[in-house]
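# Kindly return the folded structure for what I paste below:
(one chain, ligands or ions: 2)
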Amino acid sequence: MSQSPILITGGAQRLGLHCAERLLDDGHPVIVTYRREREAVAALRARGVLTLQADFATRAGTEDFIARFKAQVSSLRAVVHNASEWLADPGPEAAGETFERLFQVHMQAPYLINLAVRELLEACQEPQRDIVHITDSVVRRGAAEQAAYAASKAGLESLTLSFAARFAPHIQVNAIAPGLVMLGEATHPNRRVPGPGVIYQTLRYLLDNDYVTGTVMVVDGGESLGAD
Ligand SMILES: NC(=O)C1=CN([C@@H]2O[C@H](COP(=O)(O)OP(=O)(O)OC[C@H]3O[C@@H](n4cnc5c(N)ncnc54)[C@H](OP(=O)(O)O)[C@@H]3O)[C@@H](O)[C@H]2O)C=CC1
Ligand SMILES: Nc1nc2c(c(=O)[nH]1)N=C([C@H](O)[C@@H](O)CO)CN2
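Ligands and ions are numbered 1, 2, ... in the order given. As a prediction, this is how the structure comes out:
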């Protein structure tokens, strides 16, 4: 039986790219979205990955992606909503635009894509179908300087519960809430940084367990509890 592909949004760098490569290594067909062409995208294409350009910062951009995606894909094994922007709260003059952008990328895009691909997941002939939302352990405590980001990730966690109820029993819907797992420009190297492997381990667990839905897997080494 031929396998249905796994879609990873924002799969051209860092966590998303790591998971795409590990899924390929595990024998899954993979589809990724990206915004800008670069070497990593070409390398994925060379491994047989379907690479689709998509910008989820507007509803039109998301709807355009959905139309192109549904024209090319007939069934899906899983969707991993990884695409994300880590924006600090700007000054009041730009706060509304930032909040809207993070709402679009972290909440509206996963919402519209989940509704649009339900039939593709249900067309999958494999025993299990999954949706995984990548959120953030910061949801548990808030973020003084990234309030809009944390709120939009909290909304994505809530969508996990709603879609798990709505799509049961044929599609499992779960979230992975990372702490600091990969350094970015502005993060503090004196903290433990485990790398993307801990996220793939968690994704692998969810893809291999046919009785887990509506859960949020916090993967932060106790960071959200105040542990360093
Ligand atoms: N890194 C960490 O330590 C932590 C990460 N997380 C979460 O894990 C996930 C992956 O993290 P990380 O790899 O660091 O994330 P990055 O910020 O490095 O990458 C996110 C990806 O999302 C894509 N993206 C960003 N904006 C848009 C948009 N408007 N439309 C479509 N795609 C977009 C980017 O695509 P492109 O590159 O093609 O522009 C990029 O590939 C994210 O959801 C993040 O919030 C949570 C806590 C900690
Ligand atoms: N889209 C992104 N989201 C987040 C990132 C990132 O680089 N891109 N990084 C973090 C930090 O690691 C944060 O957890 C440090 O406390 C959070 N989200």
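# how near is the residue of the chain positioned farthest from its centre to L102?
Ranked by distance from the centre of the chain (C-alpha atoms, centre = their mean), the top residue is E93, with 29.3 Å. Look at E93 and L102: by C-beta to C-beta, to the nearest Å, they are 17 Å apart. C-beta here means a position set from N, CA and C on the backbone, and glycine is covered the same way.
# and if you look at M217?
Taking C-beta to C-beta, one finds M217 at 22 Å from L102.
# Compare the two (neighbour count), which wins?
L102 (26 against 18; other C-beta atoms under 10 Å).
# surely the more buried one meets L87?
Yes: at 6.2 Å, L102 counts as touching L87 under the criterion of C-beta atoms under 8 Å.
# any idea how far S224 lies from ligand 1?
11 Å (C-beta to the nearest ligand atom, to the nearest Å).
# N174 in helix, strand or coil?
What DSSP: H, G, I helix; E, B strand; the rest coil gives for N174 is strand.
# Can you pull the residues of the chain lying near ligand 1?
Contact residues, the chain versus ligand 1 (C-beta under 6 Å from any ligand atom): 10, 12-16, 34-36, 54-57, 82-86, 105, 134, 136, 178, 180-182.
# which SS state does S84 fall under?
S84 - assigned by three-state DSSP - is coil.
# centre of the chain versus the longest helix seen in the chain, how much separation?
Ranked by residue count, the top helix of the chain under DSSP state H comes out as helix 147-167. Averaged C-alpha coordinates place helix 147-167 at 12 Å from its chain's average position (C-alpha atoms, centre = their mean, to the nearest Å).
# what packs against it?
Here helix 147-167 touches helix 92-103, helix 109-122, strand 130-134, strand 172-178, going by 3 or more C-beta pairs under 8 Å, 6 or more residues apart in numbering; DSSP states H and E.
# CSV for the ones you listed, including mean pLDDT and distance to S158?
Formatted as CSV, those follow (pLDDT from 0 to 100; distance: least, C-beta to C-beta, whole Å):
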stretch, mean pLDDT, distance to S158
helix 92-103, 98, 13
helix 109-122, 98, 10
strand 130-134, 99, 10
strand 172-178, 99, 10
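# Save these as CSV, and put in distance to R140 too.
Output for the helices and strands packed on helix 147-167, formatted as CSV (distance: least, C-beta to C-beta, whole Å):
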stretch, distance to R140
helix 92-103, 18
helix 109-122, 20
strand 130-134, 15
strand 172-178, 8
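# Tell me which of the ones you listed lies nearest to ligand 2.
Across the helices and strands packed on helix 147-167, the minimum distance to ligand 2, taken as C-beta to the nearest ligand atom, is reached by strand 172-178, at 6.9 Å.
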